[in-house]
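In: Below: sequence and its predicted model.
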Amino acid sequence: MQRGFQVGLPLLVIQLFQCGFGNISPVTMAVFGFNIYLYVFPAASPIQACVSLEEVYRFKEWHRLLLSPLHHMDDLHLYVNMVSFLWKGNMLERRLGGSWFLYLLSVFSLLTGLVYLLVQMLMIKLMQRSDRLVEFIDLPSLSSECVVGFSGVLFALKVVSNHFNPGDVTHILNIRVSNRFASWVELVLIYLIVPSSSLVGHLAGILVGLMYTLGPLKIIMETCAELVSSGGNRPFNSSSGFNTREEGAAGSSHPAEGYAAEDTSNYSESYIARMSEEEQIEMAIRNSLKDQERTRQKDTGFIPGEDEDEETLKKPEEEQTQQDTKRSCRKRTK
């Protein structure tokens, strides 16, 4: 069924022009467009796509877990979610990489529905055993609640985003809130401002995000990615931080130390003058061995690592050369 023209759609178009099409990452843009497409041409009505304990668990309509995050009740619901997704998705995709971000979205979309059903089931069980909880929460409305929309996934993405910037501050209704608690504060405020919103659905998103940042979910996702990839190479760049090249560079407090043993030809004369006699001798030995090894490789065409037997035969010769070079260096220094 095709929907008519509504105010939320032109507002989204205006938002896109304000952001700039070139500034939006490809996966974020594709998911953004797919949500709009399914709103205009839905695969199912919101009532047929929503997730509830009764519909999914009792009537075994498991396909709702896939449909629910991609459908919205009305155009304003779509607008609020997609504007939030543009910011979160763009930032996380640039940090995690497009492939991993798409993988993350797929897992989060499925898990938020499953966790929602588990939390809803636990809450119903607890309320049935406690009369005090029943006074605060309407049990019939909770058991029949049916959620639809991208909000749960957005809460999961918010937890991941805040995990990368734990020391930053988020402003919620002009209130400064630490990123560590921003998701929880937003959960309560949204429920107080919009009582019709799903408290359990948003809570499920937070729990999924915590399963990724603090729990085993990230490890499981990386393991599955390794099993699927050919040759055991990871097809995705899971950043959680995780640019290994940057970590390797930052992990050494003295980067020059890693190159000192490999190449000393770039050191200045003043630097060499500050070295002790033994250090100068060792440096001269390394340079001499390198020059002799390069000459031998050019003459024989030998490539290190291809013939271990030949490398083994050369070791006594190199030891003798090292001793001769050390004697000559000592004579020069005397």
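Out: Right, received. Where do you want to start? Numbering: from 1, shown residues only.
In: and R294, how many residues sit next to it?
Out: Each residue near R294 was counted by other C-beta atoms under 10 Å, and the total is 10. C-beta: built from backbone N, CA, C; applies to glycine.
In: Please report how far it lies from N23.
Out: Applying C-beta to C-beta, to the nearest Å, the value for R294 to N23 is 50 Å.
In: tell me the contacts of I172?
Out: I172 makes contact with A182, V185, E186, L189 under the criterion C-beta atoms under 8 Å, 6 or more residues apart in numbering.
In: Could you identify the most distant pair in those residues?
Out: A182 and L189 (10.4 Å; C-beta to C-beta).
In: residue ranges with poor pLDDT in the stretch 201-334 of the chain?
Out: By pLDDT under 70, the weakly predicted segments of the stretch 201-334 of the chain are 230-282, 284-285, 288-289, 291-293, 295-334.
In: Could you rerun that using 80?
Out: 230-334 (pLDDT under 80).
In: Over to I175: give its phi and psi.
Out: phi -110, psi 130 (degrees, to the nearest 10).
In: Not counting sequence-adjacent ones, nearest residue to it?
Out: Excluding its sequence neighbours, the residue lying closest to I175 (C-beta to C-beta, 6 or more residues apart in numbering) is V185, at 7.7 Å.
In: Would you mark the buried spots in the helix or strand containing the one you found?
Out: Assigned by DSSP states H and E, V185 falls within helix 179-193. Neighbour counts over helix 179-193 (16 or more other C-beta atoms under 10 Å) mark N179, A182, S183, E186, L187, I190, Y191 as buried.
In: who touches stretch 60-69?
Out: For stretch 60-69, contacts defined as C-beta under 8 Å, 6+ apart pick out 43-44, 48-51, 55-56, 109-110, 112-114, 147-150, 152-153.
In: just the CA coordinates of that stretch, formatted as PDB?
Out: Output of stretch 60-69 as PDB, limited to C-alpha atoms (Å, rounded to 0.1, in the frame of the first residue of the first chain):
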ATOM      1  CA  LYS A  60       5.400 -18.300  16.000                       C
ATOM      2  CA  GLU A  61       5.500 -15.200  13.600                       C
ATOM      3  CA  TRP A  62       9.300 -14.900  13.800                       C
ATOM      4  CA  HIS A  63       9.500 -12.900  10.600                       C
ATOM      5  CA  ARG A  64       8.300  -9.900  12.700                       C
ATOM      6  CA  LEU A  65      11.800  -9.700  14.200                       C
ATOM      7  CA  LEU A  66      13.100  -8.700  10.800                       C
ATOM      8  CA  LEU A  67      10.200  -6.400   9.800                       C
ATOM      9  CA  SER A  68       9.800  -4.500  13.000                       C
ATOM     10  CA  PRO A  69      13.000  -2.400  13.000                       C
END
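In: picking up where we left off before, and of the buried residues of helix 179-193, the nearest to G209?
Out: For those, the minimum distance to G209 (C-beta to C-beta) is 7.2 Å, reached by S183.
In: Okay, that closest one and W62: tell me how far apart.
Out: 28 Å.
In: Next, work out how far apart the residue nearest to V208 when sequence neighbours are not counted and I206 are.
Out: Distance criterion C-beta to C-beta, 6+ apart; nearest residue to V208, sequence neighbours excluded, is A156 at 4.3 Å. Distance of A156 to I206, given as C-beta to C-beta: 7 Å.
In: Who has more neighbours out of these two?
Out: A156 (32 against 20).
In: I'd like the next helix or strand past the helix or strand harbouring that one.
Out: Assigned by DSSP H and E, A156 belongs to helix 151-164. For helix 151-164, the following helix or strand on the C-terminal side (DSSP H and E) is strand 169-172.
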